[in-house]
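Engineer: fold the following.
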Amino acid sequence: MLIKAKTLAGCRLDALDGALGSVGDLLFDDRFWTVRYLVADTGGWLAERDVLISPYAVASVDGDERTVSVDLSKRQIEDSPGLDSHKPVSRQFEESYHSYFGWPAYWGGMLPWGGVAYLERTRKHWDDVGARERWDPDLRSTRDVAGHEVRATDGEIGHIEDFLVDDETWTIRYLVVATRNWWPGKKVIVSPLWIDSFSWSESRVQVGLTREEVRNSPEYSDVSVPSREYEASLHGHYNRLGYWDG
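Structural biologist: Numbering: from 1, shown residues only. Now for the predicted structure:
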């Protein structure tokens, strides 16, 4: 199911033994556009450090009730490796963090979750990831990237307003683009797979689409989650293969 990043932000986080806070932000990598961590806002609990929750720990997401349940106790989270507040997530921290929980290294292979394309909560695919090619993702905050300019091949089309996240694979399937400076009152969605380039230092994303193609794309309403029928018509409009066909 697709869920907005802004809907996830603010959701109550429930540990096995009680509420541990709420989702404050999402951190994703800019190679696979996959969410690697939910950043927990724990209020006064563990206030001196950032608390990260990997999708490996997420048991369920309820968008209607705005809750995210995790298969961890508060003690497990409290005893996990600490990350100083507002510090970048280093590879050293990630190795320590994943080792503590016994989770595989997602950066250990050529697929979004290391040796596999989809989130695996069993160990059957985890054994040989160390032998695969490694990569060094830069983790980005959905909160920080919101507002970045989006440009087509022939000019600006708007700015990133939100993200649509697949809560099974934790892949960002679409960027929600507000086009009010170019096409007032309209929003469109584009897949990260259609991005040609990005410059985080200049807060800009370049997509391989023309403004006319975007203007003629199926109308998007952010009132509800896009249906598979809508997604199929969107991908058909751009003559792109659907991610569900891969």
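
Engineer: confirm Ile77 sits in a helix?
Structural biologist: Yes: judged by DSSP: H, G, I helix; E, B strand; the rest coil, Ile77 forms part of a helix.

Engineer: phi first, then psi, for Arg204.
Structural biologist: When read as degrees, to the nearest 10, the backbone of Arg204 gives phi -140, psi 140.

Engineer: try Glu48
Structural biologist: In terms of degrees, to the nearest 10, the main-chain angles of Glu48 are phi -80, psi 0.

Engineer: centre-most residue in this structure?
Structural biologist: Among the residues of the chain, Val35 comes closest to the average C-alpha position under C-alpha atoms, centre = their mean, at 3.3 Å.

Engineer: for that one, give its distance to Leu8.
Structural biologist: Distance of Val35 to Leu8, computed by C-beta to C-beta, to the nearest Å: 9 Å. In short, each C-beta sits where N, CA and C put it, glycine included.

Engineer: anything in contact with each of these two?
Structural biologist: Both Val35 and Leu8 are in contact with 26, 165, where contact means C-beta atoms under 8 Å, 6 or more residues apart in numbering.

Engineer: quick one on the thing from earlier: what about the residue nearest to the centre of the chain, helix or strand, and which?
Structural biologist: strand 35-41 (DSSP states H and E).

Engineer: name the helices or strands packed onto that strand?
Structural biologist: strand 18-29, strand 49-53, strand 139-141 (3 or more C-beta pairs under 8 Å, 6 or more residues apart in numbering; DSSP states H and E).

Engineer: ok so, going back, what pairs with the residue nearest to the centre of the chain across the strands?
Structural biologist: As for beta bridges, Val35 partners with Phe28 under DSSP bridges.

Engineer: if I look at it, how far off is Asp62?
Structural biologist: For Val35, the distance to Asp62 - C-beta to C-beta - is 17 Å.

Engineer: picking up where we left off before, got a list of contacts for the strand holding Val35?
Structural biologist: Residues from elsewhere that reach strand 35-41 (C-beta under 8 Å, 6+ apart): 8, 13, 20-29, 50-55, 58, 68, 89, 106, 137, 139, 141, 165, 170-172.

Engineer: could you tell me the angle between it and strand 18-29?
Structural biologist: Between strand 35-41 and strand 18-29, the angle formed by their directions is 140 degrees, by axes from the mean of the first three to the mean of the last three C-alpha atoms, to 10 degrees.
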